[in-house]
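next comes the sequence, and after it the predicted model I'd like to discuss.
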Amino acid sequence: MTFAEQLLVLALDPKTGKFHALPRKSLEIGLAGAFLLEMTFRKIIDSDAEKIIVLQEAYPQRPLLNSALQVVREGDKEIPLRKAVGRLALQGNLLVSKTLESLVHEEILEKKDKIFFIKNRKAPIYPQADERMRADVIEQVRELVLNPDEIPSPEETALLALVEACRLQRKIFTEEERDEFEERFQQLASMDLVGIAIVDAVRAARDKELLDLAAE
């Protein structure tokens, strides 16, 4: 599963099959960050705290990821990071829809009318991650934070940073768990420098109109 797919699974309420109530624009902007992280880990782009640099002009292996890349590029080789987030977030509804379609196609989610349920918990989570990654993304995140012996991979720390950016902690951990493990959660979520740069851009985007952000 890609970062975008994992994020949507985390954002779905397993009881209702609908998305958790989140702050305005959080899911669309968080998904933009997820696509940028995916491109970074796959070496499609390079990024720092200020900008991204396009390393591959196309990525035909994953059509949805390639579409997201074209949205980010718009013919440019170097794009301010916040502008890249804004460009993708403007396509947020479409990206959500297409990512859900991918999860259904991969038989990870099952669609009934307009609600989605986890169908297959044994599917691989992230193709390039080690064997400790599990299909149950919620339990994966919980164990990473609640088990002090767990040492996360770079992919896992980036995922935790996305959880923080979208403010999903309250949907994953109880109030007591948050009180006890918030410091560890924040520490783990800040370990990956590339992830933090992208997630900081996601946080900044929440306070701006997307059209303004994409035009910066």
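Yes, it's here.

list the contacts of residue 21.
For residue 21, the contact set (C-beta atoms under 8 Å, 6 or more residues apart in numbering) is empty. No exception for glycine: its C-beta is placed from N, CA and C like everyone else's.

switch to numbering from 40
Sounds good: first residue 40 from here, last item residue 60.

any low-confidence regions in this protein?
63, 159-174, 233-234, 242-255 (pLDDT under 70).

again, only this time at 50
Along the chain, the parts satisfying pLDDT under 50 run over 161-174, 249, 252.

residue nearest the middle of it, spatially speaking?
Residue closest to the average C-alpha location in the chain (C-alpha atoms, centre = their mean): residue 73, at 3.1 Å.

so that one sits in a helix?
Yes: membership of residue 73 in a helix is supported by DSSP: H, G, I helix; E, B strand; the rest coil.

check which helix or strand covers residue 155.
Assigned by DSSP states H and E, residue 155 belongs to strand 154-157.

likewise residue 92?
Going by DSSP H and E, residue 92 is part of strand 90-93.

which residues of this structure fall in helices?
For the chain, the helices defined by DSSP state H occupy 42-50, 65-80, 102-112, 120-128, 131-144, 176-185, 193-204, 208-211, 214-228, 232-244, 249-254.

select, out of the ones you listed, the one closest to residue 151.
In terms of C-beta to C-beta, the element of the helices of the chain nearest to residue 151 is helix 131-144, at 10.6 Å.

could you say what helices and strands the closest one packs with?
Here helix 131-144 touches helix 42-50, helix 65-80, helix 102-112, strand 148-151, strand 154-157, going by 3 or more C-beta pairs under 8 Å, 6 or more residues apart in numbering; DSSP states H and E.

6 Å instead?
For helix 131-144, the elements it packs on are helix 42-50, helix 65-80, judged by 3 or more C-beta pairs under 6 Å, 6 or more residues apart in numbering; DSSP states H and E.

now it: how far from the chain's centre is it?
Centroid separation for helix 131-144 versus its chain: 13 Å, with C-alpha atoms, centre = their mean, to the nearest Å.

just the CA trace of it, in PDB.
The C-alpha coordinates for helix 131-144 follow below in PDB (Å, rounded to 0.1, in the frame of the first residue of the first chain):
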ATOM      1  CA  GLY A 131      -7.900  16.500  -3.400                       C
ATOM      2  CA  ASN A 132     -11.400  15.200  -4.100                       C
ATOM      3  CA  LEU A 133     -10.300  13.400  -7.300                       C
ATOM      4  CA  LEU A 134      -7.200  11.900  -5.500                       C
ATOM      5  CA  VAL A 135      -9.400  10.700  -2.700                       C
ATOM      6  CA  SER A 136     -11.800   9.000  -5.100                       C
ATOM      7  CA  LYS A 137      -9.100   7.400  -7.200                       C
ATOM      8  CA  THR A 138      -7.200   6.200  -4.200                       C
ATOM      9  CA  LEU A 139     -10.300   4.600  -2.800                       C
ATOM     10  CA  GLU A 140     -10.900   2.900  -6.200                       C
ATOM     11  CA  SER A 141      -7.300   1.600  -6.000                       C
ATOM     12  CA  LEU A 142      -8.000   0.100  -2.500                       C
ATOM     13  CA  VAL A 143     -11.200  -1.500  -3.700                       C
ATOM     14  CA  HIS A 144      -9.400  -2.900  -6.800                       C
END
